[in-house]
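Novice: Below is the sequence, then the predicted model.
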Amino acid sequence: MSLINQAPSHYSIIRKATPRKLEIPAWEKDGVAPVVYIRAHINLRQTAEILHLTQTGKEAEAFALTLIYRLMDEEGKRVFRLTDKDALIDQTDPEVLSDIINAINSDDNEDEDEIEKK
């Protein structure tokens, strides 16, 4: 098998990784904290888009896109859409968003440790 065939095969496997569950107590409603799941990986185009925003001083947009691309419900559907970006930036508590981003990044660091072991 050629290398270009192996790479997508590997990516297909890691995309199927079990997403990590995350409760968001700050957004509790009627005594129940919402639960989201952190998508294990996003594609290179999405990653590059986030990195570009970060490198051009648009960290808020980068944070919002990270949430849009990485958070999903228990059925694997995104919990936020691209049209939610401005609301995430302008109408949500930045400390809560920062906590969520930290949880996502913590999850990424665990994944990197696993990749290094393989």
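Specialist: On my side now, so go ahead. Residues are numbered from 1 along each chain as shown.
Novice: all contacts plus neighbour counts: C-alpha atoms, from now on.
Specialist: Will do.
Novice: give me the number of residues near T47?
Specialist: Each residue near T47 was counted by other C-alpha atoms under 10 Å, and the total is 15.
Novice: so which strand or helix has it?
Specialist: Per DSSP states H and E: T47 is located in helix 44-55.
Novice: That helix: which residues count as buried?
Specialist: By neighbour count, with 16 or more other C-alpha atoms under 10 Å as the criterion, the buried positions of helix 44-55 are I50, L53.
Novice: now that helix: mean pLDDT?
Specialist: On average, the pLDDT along helix 44-55 is 97.
Novice: name the helices or strands packed onto that helix?
Specialist: Using 3 or more C-alpha pairs under 8 Å, 6 or more residues apart in numbering; DSSP states H and E as the contact criterion, the secondary-structure elements in contact with helix 44-55 are helix 59-70.
Novice: for the record, mean pLDDT for the helix it packs on?
Specialist: Across helix 59-70, the per-residue pLDDT values average to 97.
Novice: Tell me what angle it forms with helix 44-55.
Specialist: Here helix 59-70 runs at 160 degrees with respect to helix 44-55, directions being taken by axes from the mean of the first three to the mean of the last three C-alpha atoms, to 10 degrees.
Novice: and helix 59-70, how far out from the chain's middle?
Specialist: For helix 59-70, the separation from the chain centroid amounts to 8 Å (computed by C-alpha atoms, centre = their mean, to the nearest Å).
Novice: Return the residues in contact with the residue positioned nearest the centre of the chain.
Specialist: With distances taken as C-alpha atoms, centre = their mean, the residue of the chain nearest its centroid is R70 (2.3 Å). Residues in contact with R70 (C-alpha atoms under 8 Å, 6 or more residues apart in numbering) are I38, R39, A40, H41, I42, R78, I104.
Novice: For the residues you listed, which two are the farthest from each other?
Specialist: For the contacts of R70, the farthest-apart pair by C-alpha to C-alpha is R78 and I104; their separation is 14.6 Å.
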